[in-house]
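*Asks:* what follows is a predicted structure for the sequence shown.
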Amino acid sequence: MKQFDAPENSLGSLDAKAAAALIAASSDIALIIDSDGVIRDLAFGSEDLSAEDCANWLGQPWAEVVTVESRPKVEALLRGAVTNATPSWRHVNHPSSSGADVPLLYSAIRVGSKDHVVAMGRDLRGVAALQQRLLDAQQSMERDYWRLRRAETRYRHLFQMVPEAILIVDAATNKVLEANPAASQLFGVNAERPGSRPFPDGFDPAGTEAVQSLLAGVRVAGSGNSVRARSADGAREFLVSASLFRQENSSLFLVRVSSPRHEADLAEMPGKRVKALLFEVVESMPDSFVVTDLQGNILAANSAFIDLLEMAAEEQVRGQSLGRWLGRSEVDLNVLIANLRQHGTVRLFATTVRGELGASEEVEISAVAVPQGQQPCMGFTIRNVGRRLSPDARVGREIPRSVEQLAELVGRVPLKDLVQESTDLIEKLCIEAALALTRDNRASAAEMLGLSRQSLYVKLRRYGLGDLASEPER
């Protein structure tokens with residue numbers, strides 16, 4: 001530490017106020033501490049510290065307004081000041097109401113005849129913020145580095161394991177920079193010294209010219225169509241494609257050499273996957289799905305149709321006529337087939353399906369004919385609508401309540417039953433009309449209908465009309 005050579009001459013008679021101003025100006029915060037280590041006065045050279053409630057430190061021991069790990073540093077600063085040791089700087093943290101500690105760099109020196117110690121502090125929050133930013137940047141660089149390392153590792157594994165020949169070629173010199181094992185085996189490239197051979201090499205003259213034209217076009221446009229080239233001995237044919245990319249101010253070709261058959265297999269794979277997915281969907285769908293030949297004999301069916309027929313396996317229905325379980329007879333299937341031959345599609349055909357164990361379900365059928373293809377066929381989607389139908393619309397012993405409900409029974413019940421139910425419906429409607437016209441005067445209604453009152457009451461009970469619980473039968 002270098003002291004002033006002649007402080008009496010250079011500073012003159014410096015009074016207490018001037019010394020206080022000098023101390024406050026030379027530090028961000030200055031503390032006056034007595035011999036007991038208690039803060040008796042303080043001054044701010046930084047307005048930022050005034051917002052940290054530092055004024056509350058007055059009257060408290062210096063060691064009590066710092067964090068626990070900083071207390072030994074405070075005690076060492078006070079001991080050094082009392083013993084007039086060479087001043088040193090210590091990093092001390094103060095707790096803050098905002099939650100983050102306030103870092104200060106302190107140096108302490110004893111002044112005056114009362115053994116008071118002046119502790120001058122420098123605000124380190126700006127330095128700490130820079131350090132934190134530097135640490136965050138370093139951590140970000142580390143994460144990016146390891147992310148790139150992992151990406152490079154995956155690229156290397158893919159580059160080595162892909163069965164196609166892949167080459168990295170310098171666009172300026174056409175020298176092979178990298179080659180995967182498939183390319184090394186195909187073109188005889190030395191994996192340790194790939195740049196010893198130019199590209200294209202290993203093709204016949206026509207193939208070499210085609211590949212050179214491809215590279216010239218890619219060099220200008222960035223990409224180009226694949227070209228076919230034969231090996232030098234003419235025994236094998238290849239499909240060569242290339243693309244251009246830049247790396248470290250240099251242009252490189254990514255060249256891919258594959259077999260045309262392999263390309264055809266790759267082109268077919270998406271279609272095969274879609275067909276397999278479609279088959280899984282049809283097999284798992286809740287509605288029944290059946291494929292028949294053009295005569296209605298079952299070729300295939302999904303699980304929902306097997307369950308609807310109360311059967312155990314698809315083999316039990318394959319080859320059987322769909323009409324065996326459809327409708328009341330073969331009529332429904334014949335109607336469906338006739339419409340499919342004429343229009344190609346049928347939508348929402350209402351009928352019933354009978355199970356092997358006697359259960360009968362109301363269904364709607366939508367169908368399509370596929371006369372073209374390797375095997376002409378018809379497809380039927382069968383949806384169970386029994387739960388959707390209202391109880392009054394189902395076939396049963398209850399009388400239909402409207403003409404529309406009566407029409408729904410056509411094709412489901414015999415004509416004899418339909419005539420009887422039609423008669424009952426007309427009779428019920430006439431009684432309801434007579435009661436409405438007579439304002440529920442049953443004697444007048446009976447006279448209007450040409451019935452005795454006793455016959456009218458019997459029919460009212462039969463059709464559930466009127467409240468007859470409290471009225472005796474006459």
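*Replies:* Received, thanks.
*Asks:* for the chain, name the helix or strand with the lowest mean pLDDT.
*Replies:* Every helix and strand in the chain was compared by mean pLDDT, DSSP states H and E; the lowest is helix 403-408, with a mean of 61.
*Asks:* in contact with Ile168, which residues?
*Replies:* By Cβ atoms under 8 Å, 6 or more residues apart in numbering, the residues touching Ile168 are Val176, Leu177, Glu178, Ala179, Leu252, Phe253, Leu254, Val255. Glycine gets a C-beta too; all of them are placed from N, C-alpha and C.
*Asks:* show me what the helix or strand where Val240 lies is packed up against.
*Replies:* Following DSSP states H and E, the helix or strand that holds Val240 is strand 237-247. The contact analysis (3 or more Cβ pairs under 8 Å, 6 or more residues apart in numbering; DSSP states H and E) places strand 237-247 against helix 205-221, strand 227-230, strand 250-258, helix 260-284.
*Asks:* among these, which comes closest to Met141?
*Replies:* With Cβ to Cβ, the closest approach to Met141 among these belongs to strand 250-258: 24.5 Å.
*Asks:* relative to the whole chain's centre, how far out is that closest one?
*Replies:* Strand 250-258 sits 34 Å away from the centroid of its parent chain (Cα atoms, centre = their mean, to the nearest Å).
*Asks:* and it with helix 205-221, angle?
*Replies:* Interaxial angle of strand 250-258 relative to helix 205-221 (axes from the mean of the first three to the mean of the last three Cα atoms, to 10 degrees): 140 degrees.
*Asks:* Ser46 touches Ser26, doesn't it?
*Replies:* No. Judged on Cβ atoms under 8 Å, Ser46 makes no contact with Ser26 at a distance of 11.8 Å.
*Asks:* pLDDT weak spots in the chain?
*Replies:* For the chain, the stretches flagged by pLDDT under 70 are 1-15, 50-51, 112-114, 189-196, 260-275, 328-330, 387-415, 466-474.
*Asks:* any idea how far the residue positioned nearest the centre of it lies from Thr381?
*Replies:* When Cα atoms, centre = their mean is applied to the chain, the residue found nearest the centroid is Leu277 (19.8 Å). Distance, Leu277 to Thr381, by Cβ to Cβ, to the nearest Å: 18 Å.
*Asks:* repeat for Gly99
*Replies:* Look at Gly99 and Thr381: by Cβ to Cβ, they are 66 Å apart.
*Asks:* re earlier: now the strand holding Val240: how far from the chain's centre is it?
*Replies:* Relative to the mean C-alpha coordinate of its chain, strand 237-247 is positioned 33 Å out (Cα atoms, centre = their mean).
*Asks:* just put the helices and strands packed on strand 237-247 in TSV and tack on distance to Gly344.
*Replies:* Supplementary listing: the helices and strands packed on strand 237-247 in TSV, determined by distance: least, Cβ to Cβ, whole Å:
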stretch	distance to Gly344
helix 205-221	48
strand 227-230	43
strand 250-258	43
helix 260-284	20
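*Asks:* so which of those gets nearest Ala137?
*Replies:* The closest of the helices and strands packed on strand 237-247 to Ala137 is strand 250-258. By Cβ to Cβ, the value is 28.7 Å.
*Asks:* would you map the helices across the protein?
*Replies:* With DSSP state H as the criterion, the chain has helices at 7-11, 16-26, 71-82, 125-161, 181-187, 205-221, 260-284, 303-308, 331-343, 403-408, 415-437, 442-449, 453-463.
*Asks:* adding distance to Ala350, write these out as JSON lines.
*Replies:* Shown next, in JSON lines, are those (distance: least, Cβ to Cβ, whole Å):
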{"stretch": "helix 7-11", "distance to Ala350": "113"}
{"stretch": "helix 16-26", "distance to Ala350": "99"}
{"stretch": "helix 71-82", "distance to Ala350": "91"}
{"stretch": "helix 125-161", "distance to Ala350": "58"}
{"stretch": "helix 181-187", "distance to Ala350": "62"}
{"stretch": "helix 205-221", "distance to Ala350": "62"}
{"stretch": "helix 260-284", "distance to Ala350": "23"}
{"stretch": "helix 303-308", "distance to Ala350": "16"}
{"stretch": "helix 331-343", "distance to Ala350": "10"}
{"stretch": "helix 403-408", "distance to Ala350": "7"}
{"stretch": "helix 415-437", "distance to Ala350": "16"}
{"stretch": "helix 442-449", "distance to Ala350": "35"}
{"stretch": "helix 453-463", "distance to Ala350": "27"}
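*Asks:* to Val117, which of these lies closest?
*Replies:* Closest approach to Val117 among the helices of the chain is made by helix 71-82 (4.4 Å; Cβ to Cβ).
*Asks:* which residues outside the closest one are in contact with it?
*Replies:* 33, 35, 37, 62-63, 66, 85-88, 90-92, 106-110, 115, 117, 119.
*Asks:* mind listing which of these are in strands?
*Replies:* Ile33, Arg90, His91, Val92, Tyr106, Ser107, Ala108, Ile109, Arg110, Val117, Ala119 (DSSP state E).
*Asks:* report the beta-bridge partners for the fourth one.
*Replies:* Counting by DSSP bridges, Val92 forms beta bridges with Leu104.
*Asks:* what about it, how many neighbours?
*Replies:* Residues lying near Val92 (other Cβ atoms under 10 Å) number 24.
*Asks:* out of the contacts of Ile168, which is nearest to Arg156?
*Replies:* For the contacts of Ile168, the nearest to Arg156 is Glu178 (10.1 Å; Cβ to Cβ).
*Asks:* I figured the closest one hits Leu167, correct?
*Replies:* Yes. Applying Cβ under 8 Å, one finds Glu178 in contact with Leu167, separated by 7.0 Å.
*Asks:* ok, the two, which is more surrounded?
*Replies:* Under the criterion of other Cβ under 10 Å, the comparison of Glu178 against Leu167 puts Leu167 first, with 25 against 16.
*Asks:* for that one, which non-adjacent residue is spatially closest?
*Replies:* In this structure, Leu167 finds its nearest non-sequential neighbour in Val255, 4.5 Å apart by Cβ to Cβ, 6 or more residues apart in numbering.
*Asks:* tell me how far that neighbour lies from Ser98.
*Replies:* Taking Cβ to Cβ as the measure, Val255 falls 61 Å from Ser98.
*Asks:* more neighbours: the two, which one.
*Replies:* Under the criterion of other Cβ under 10 Å, the comparison of Val255 against Ser98 puts Val255 first, with 23 against 10.
*Asks:* show me how the chain divides into domains.
*Replies:* The chain resolves into domains spanning 7-123, 162-264, 285-389, 414-463 when parsed by automatic domain parsing.
*Asks:* which ones are touching Gln60?
*Replies:* By Cβ under 8 Å, 6+ apart, the residues touching Gln60 are Val38, Ile39.
*Asks:* that one and Leu31: what is the separation?
*Replies:* The gap separating Gln60 from Leu31 is 11 Å, by Cβ to Cβ.
*Asks:* ok, Asp170 next?
*Replies:* Asp170 sits 69 Å away from Leu31, going by Cβ to Cβ.
*Asks:* of these two, which one has the most company?
*Replies:* Leu31 (24 against 16).
*Asks:* residues in contact with the residue nearest to Leu167?
*Replies:* Val255 sits in contact with Ile166, Leu167, Ile168, Val169, Phe199, Val240, Ser241, Ala242, where contact means Cβ under 8 Å, 6+ apart.
*Asks:* leaving out chain neighbours, which residue sits closest to the fourth one?
*Replies:* Pointing back at Val169 there. Leaving aside its sequence neighbours, Val169 sits nearest to Phe253 (Cβ to Cβ, 6+ apart; 4.1 Å).
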